[in-house]
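[1] Pasted the sequence and its predicted model underneath.
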Amino acid sequence: MAAAAAKSVERLAQRLVAPSEPTPRGPLRLSWLDRYPTQMALIESLHVFKADPARDALAATPAAAIERALARALVDYYPLAGRLAVSEDDGRLHVDCRAQGVWFIEAAAPCRLEDVDYLEYPLQIPKDALLPHPLPRPAADEEAKLILLVQVTAFGCGGFVVGFRFSHAVADGPGAAQFMAAVGELARGADAVPVPPSWGRDAIPDPAGALVGALPDPAGAKRLEYLAIDISADYIDHFKGRFAAATGGGRCSAFEVLIAKAWQSRTRAAGFDADTPVHLCFAMNARPLLHAKLPRGGAGFYGNCYYIMRVSSTAGKVAAASVTDVVKMIREGKKRLPSEFARWAAGEEAGGGGAGDPYQITSDYRTLLVSDWTRLGFAEVDYGWGPPAHVVPLTNLDYIATCILVKPWAHKPGARLITQCVTPDRVTAFHDGMVELS
């Protein structure tokens, strides 16, 4: 009982943090992509920070430093302090900016981070104890209006965890990381945010008659098992070397190597029939394609601006190919981004290889959805205690096959794959396939 009590979390305070200065009021329109149905969710993550022994013991606590910086950052990022609302005129979602504030929760855990294995999986503290949930819990329709919630949990060792719940309707991954980095700069003493944010939602295409596919349906879907795999730099270099040897010195990225290996290992482990169509989907940043339309060429833009690429083949081909050949499939898919995005933006509904809605998220077991968190900027956020030891993306849908690429522990080369992509009886086969160097 004592050990369990030591790993408990005590909520110390909760309050709404408003911008520290007056901000504009009124509605702000959201783009077509912001309003896409699957964006109506709060993306959850935990950011684990070790103690800094060199830090002045009399300096501000993590919660105090982050709360002050949050209030200052919300002056520039004032829409995040607003609420999602539906327009009475056209029924579309927008942001109601009235400085309603961001929920901020301060908490403490008496144990050390090392006592809970730095929140490695399986979590020794329930995630909801580390995530910001205002009390009393708001009704579902009220919670759906919230844009940002933050919780800072201090541990007995001097380390802390920042839990975020961030509305995908207002920011994509790079946009959320941009905001967190701004809070970090201000917490470390900056006088202003490093890059002034821009709203610029008019620059995002709004295709006439764009199709919106059905939402993922858990009914009848397979329940998938969590597995985290640490990948060494030598492992990545091995497959990069093979690609270079097979292509006369060609180069490929760690992302391409790892998702190729994951797609192949999962396809083999799942035991699909050889002629079964299988799909790999991954988001690509569309900001470079809209450089001329976005304010300041996209600098400071934090709204949704991505396109989901889809690479398809048969299970037999993916399973039998070399990793180099699977990398080639992925690279060919990435080359299609400009043409597919242009066709979708023009309303031709030809995106995703004719799938109609390239943004559709599916629970179809034959489809693997991949996210790359290594380049978003979360791992570089520094509130004054150095960058996080690691970042824990949290998924709440165990029926959508996912693979998230994150940076490994701070200062370690390589990568980490956080997967939930095969049924429990296939996890061992998937893991064994991933560690093979063939």
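    Looks like it arrived, so ask away.

[2] so where is the protein shaky, pLDDT-wise?
    Regions of the chain meeting the criterion pLDDT under 70 cover residues 1-5, 58, 349-355, 411.

[3] Quick one: the helices in it, in order.
    All helices of the chain, identified by DSSP state H, fall at 2-6, 62-76, 127-130, 140-143, 173-187, 233-246, 254-270, 315-320, 323-335, 337-345, 351-354, 427-435.

[4] Output those helices in TSV, with mean neighbour count and distance to Ser167 appended to each entry.
    (Glycine included, C-beta is placed from N, CA and C.) Shown next, in TSV, are the helices of the chain (neighbours: other CB atoms under 10 Å; distance: least, CB to CB, whole Å):
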stretch	mean neighbour count	distance to Ser167
helix 2-6	9	33
helix 62-76	22	14
helix 127-130	18	18
helix 140-143	10	10
helix 173-187	23	9
helix 233-246	16	34
helix 254-270	23	26
helix 315-320	18	35
helix 323-335	18	28
helix 337-345	17	23
helix 351-354	18	24
helix 427-435	16	32
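
[5] who wins for proximity to Val150 among those?
    With respect to Val150, and counting by CB to CB, the nearest of the helices of the chain is helix 62-76 at 6.5 Å.

[6] wait, which of the helices of the chain is closest to Val152?
    With CB to CB, the closest approach to Val152 among the helices of the chain belongs to helix 62-76: 4.1 Å.

[7] I'd like to check what contacts that closest one. Which residues are they?
    Applying CB atoms under 8 Å, 6 or more residues apart in numbering, the external contacts of helix 62-76 come out as 17-21, 23, 49, 59-60, 80-81, 102, 104, 106, 150, 152, 154, 160, 162, 179, 182-184, 186-187, 192-193, 196-197, 383-385.

[8] one step back: I'd like the helices of the chain written out as CSV, with distance to Ala54 added.
    Listed next are these as CSV, based on distance: least, CB to CB, whole Å:
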stretch, distance to Ala54
helix 2-6, 27
helix 62-76, 15
helix 127-130, 26
helix 140-143, 40
helix 173-187, 16
helix 233-246, 28
helix 254-270, 32
helix 315-320, 50
helix 323-335, 43
helix 337-345, 45
helix 351-354, 51
helix 427-435, 38
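
[9] that older thread, could I have the buried ones of the contacts of helix 62-76 as PyMOL selection syntax?
    Selection of the buried residues among those in PyMOL, burial being defined by 16 or more other CB atoms under 10 Å:
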select buried, resi 17+18+19+23+49+80+81+102+104+106+150+152+154+160+162+179+182+183+184+186+187+193+197+383+384+385
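
[10] closest one to Ile418 among the helices of the chain?
    Smallest distance to Ile418 across the helices of the chain (CB to CB): 10.8 Å, for helix 254-270.

[11] send the alpha carbons of that closest one over as CSV?
    Written as CSV, here are the backbone C-alpha positions of helix 254-270 (Å, rounded to 0.1, in the frame of the first residue of the first chain):
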residue,chain,number,x,y,z
ALA,A,254,15.9,7.1,-41.1
PHE,A,255,12.2,7.6,-41.4
GLU,A,256,12.0,5.8,-44.7
VAL,A,257,14.1,2.9,-43.4
LEU,A,258,12.1,2.4,-40.2
ILE,A,259,8.6,2.7,-41.7
ALA,A,260,9.7,0.3,-44.5
LYS,A,261,10.9,-2.2,-42.0
ALA,A,262,7.8,-1.7,-39.8
TRP,A,263,5.4,-2.1,-42.7
GLN,A,264,7.2,-5.2,-43.9
SER,A,265,7.5,-6.8,-40.4
ARG,A,266,3.8,-6.1,-39.7
THR,A,267,2.7,-7.5,-43.0
ARG,A,268,4.6,-10.7,-42.4
ALA,A,269,3.5,-11.0,-38.8
ALA,A,270,-0.2,-10.4,-39.6
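
[12] Tell me which other helices or strands it touches.
    Packing contacts for helix 254-270, counted by 3 or more CB pairs under 8 Å, 6 or more residues apart in numbering; DSSP states H and E, involve helix 233-246, strand 277-285, helix 315-320, helix 323-335, strand 367-372, strand 402-406, strand 415-422, helix 427-435.

[13] could I get those as TSV with distance to Pro136?
    As requested, those are arranged in TSV below (distance: least, CB to CB, whole Å):
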stretch	distance to Pro136
helix 233-246	48
strand 277-285	36
helix 315-320	49
helix 323-335	47
strand 367-372	33
strand 402-406	32
strand 415-422	31
helix 427-435	39
